[in-house]
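Chemist: take this sequence and fold it.
(one chain, ligands or ions: 2)
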Amino acid sequence: MPRKVAYKTQIEHLQILDENGKLDAKLAKEFGKNLLSDEQVQQSYEHMTICRQYDEVAFKLQRSGRMGTFPQNKGQEAAAIGSALAARKGQDWLVSAYRENAALFMHGLPMHYVLNYWMGDERGSKIPEGVKITPLSVPIGTHMLHAVGIAWAAKIRKEDSVALTYFGDGATSEGDFHEAANFAGVLKVPCIFICQNNSWAISVPREKQTASETFAQKALAYGIPTTQVDGNDLFAMYAATKDAHERARKGEGPSFIEAVTYRLADHTTADDASRYRDPKDLDAWKARDPLIRLRKYLENKDLWSDEQQEALEAKAKAIVQEVVKTAEEMPKPDVDDIFDYTFAELPESLRVQRDTMRTTSLGQDPEQAGLGARAAH
Ligand SMILES: Cc1ncc(C[n+]2csc(CCOP(=O)(O)OP(=O)(O)O)c2C)c(N)n1
Ligand SMILES: [Mg+2]
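Modeler: Ligands and ions are numbered 1, 2, ... in the order given. Now for the predicted structure:
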């Protein structure tokens, strides 16, 4: 039997907008209808600026003891928004981890929900009716399976809906990723896997975590079309996702996009990246900040001025201040809620706990403690 090549491929890397805010003319022409309009770029820049402000304020809320912990999204805004822009609000699903707030807000999640979540309030996970977003997912990788399930359901029901799932580079080392990708490939579901390769999984650098040269190539084994994109380039993220979205709607199945980006902050407020990260790397990536790049693009086209910037920053501060107020002024949940929303019928031992939690000892007669009304709850 002669030797032959059983499989051969290559992974493309796409960048349309460079670090100086210049569009590649040839690619801009090639992507034609999938190129963002000036209006879309301006709106995206405004949204990204508001989300950056949100991120910084959330960090301060944690530092001043008003929030448990917070994973900053700083630096990854273009990857989140560029892809979310290609999806249809209220029709396609966003199944996210925790570093794509900008995409969730764009698709209708009220901004205070994410603050509530990190303040430890479960109501941050109770997504409003009609908003096609699943709650934030901190267990790494588990939600990709949910996305595939959602996409499979859409396919079976013949609904015109695509599921986008966001996850980190580290998540591709979890078994769940491989199971999700396998099912997605075999069942040809309308699901777009968006891997935010931000170089780190907490303190584990990309090279220590995988021997794979790209994250994009991991999808190949599952028969999923895949590509690598400059994740700090709004144009490239949009174009690649739009392409994947069109394929999904035509019944051509899932796609994988590796967004090469960088975590400009610590992993979370419980981390100190200066202990393991070379400051030179951070500086190099700060220069590739997606917000700076987009502002340069707008300025190059005479679509942005210092006055507009000043007005936008003031607007972002006012919006975020209002969001914090909403989150902090929400009436506290009732302590009874922990008993009321876990079991359909409360087991006896928990009923006793619930009925006597305001008395001095477990099992004490609430009537005796003058708490009869609570006991009847
Ligand atoms: C199943 C599971 N294992 C471990 C953890 C602890 N953990 C939290 S974040 C994280 C790293 C995730 O890295 P990555 O997927 O690259 O996402 P990033 O935080 O960089 O956005 C780990 C291991 C977890 N939350 N869930
Ligand atoms: Mg990561």
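
Chemist: with adjacent residues omitted, what lies nearest to Gly175?
Modeler: In space, Gly175 comes closest to Gly141 once its chain neighbours are excluded; the distance is 7.7 Å by Cβ to Cβ, 6 or more residues apart in numbering. Where you see a C-beta, it was placed from the backbone N, CA and C, and this is true even at glycine.

Chemist: got a list of what that neighbour touches?
Modeler: By Cβ atoms under 8 Å, 6 or more residues apart in numbering, the residues touching Gly141 are Phe167, Ala171, Glu174, Gly175, Asp176, Phe177, Ala180.

Chemist: go through those residues and flag which are in strands.
Modeler: Among these, DSSP state E puts Phe167 in strands.

Chemist: just the element for Ala78, please.
Modeler: helix 77-85 (DSSP states H and E).

Chemist: for Glu258, same thing?
Modeler: Glu258 belongs to strand 255-260 when assigned by DSSP H and E.

Chemist: mind giving me the packing neighbours of that strand?
Modeler: helix 77-85, strand 191-197, strand 226-230, helix 234-249 (3 or more Cβ pairs under 8 Å, 6 or more residues apart in numbering; DSSP states H and E).

Chemist: dump these to a markdown table, plus mean pLDDT, distance to ligand 1 and mean neighbour count.
Modeler: Output for those, formatted as a markdown table (pLDDT from 0 to 100; distance: least, Cβ to the nearest ligand atom, whole Å; neighbours: other Cβ atoms under 10 Å):
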| stretch | mean pLDDT | distance to ligand 1 | mean neighbour count |
| --- | --- | --- | --- |
| helix 77-85 | 98 | 11 | 30 |
| strand 191-197 | 98 | 6 | 29 |
| strand 226-230 | 98 | 16 | 25 |
| helix 234-249 | 98 | 16 | 24 |
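
Chemist: go through those and name the closest to ligand 2.
Modeler: strand 191-197 (6.6 Å; Cβ to the ion).

Chemist: tell me, how many residues neighbour Thr172?
Modeler: By other Cβ atoms under 10 Å, the residues close to Thr172 number 27.

Chemist: ditto for Ala284
Modeler: 11.

Chemist: what's the separation between whichever residue of the chain sits closest to ligand 1 and Ile202?
Modeler: Across the chain, the shortest distance to ligand 1 (Cβ to the nearest ligand atom) belongs to Gly168, at 2.3 Å. For Gly168, the distance to Ile202 (Cβ to Cβ, to the nearest Å) stands at 10 Å.

Chemist: next: Thr356.
Modeler: Taking Cβ to Cβ, one finds Thr356 at 41 Å from Ile202.

Chemist: quick one, which of these two is more surrounded?
Modeler: Neighbour count, other Cβ under 10 Å: between Thr356 and Ile202, Thr356 has more, with 19 against 14.

Chemist: just the mean pLDDT for stretch 265-276, thanks.
Modeler: Here stretch 265-276 scores 98 as its mean pLDDT.

Chemist: does any part of that stretch sit near ligand 2?
Modeler: No: Stretch 265-276 stays clear of ligand 2 (Cβ under 5 Å from the ion), getting no nearer than 8.4 Å.

Chemist: is it true that Leu264 touches Ala284?
Modeler: No: counting by Cβ atoms under 8 Å, Ala284 is not a contact partner of Leu264; they are 11.2 Å apart.

Chemist: get me the contact residues on the protein for ligand 2.
Modeler: Gly168, Asp169, Gly170, Asn198, Ala201.
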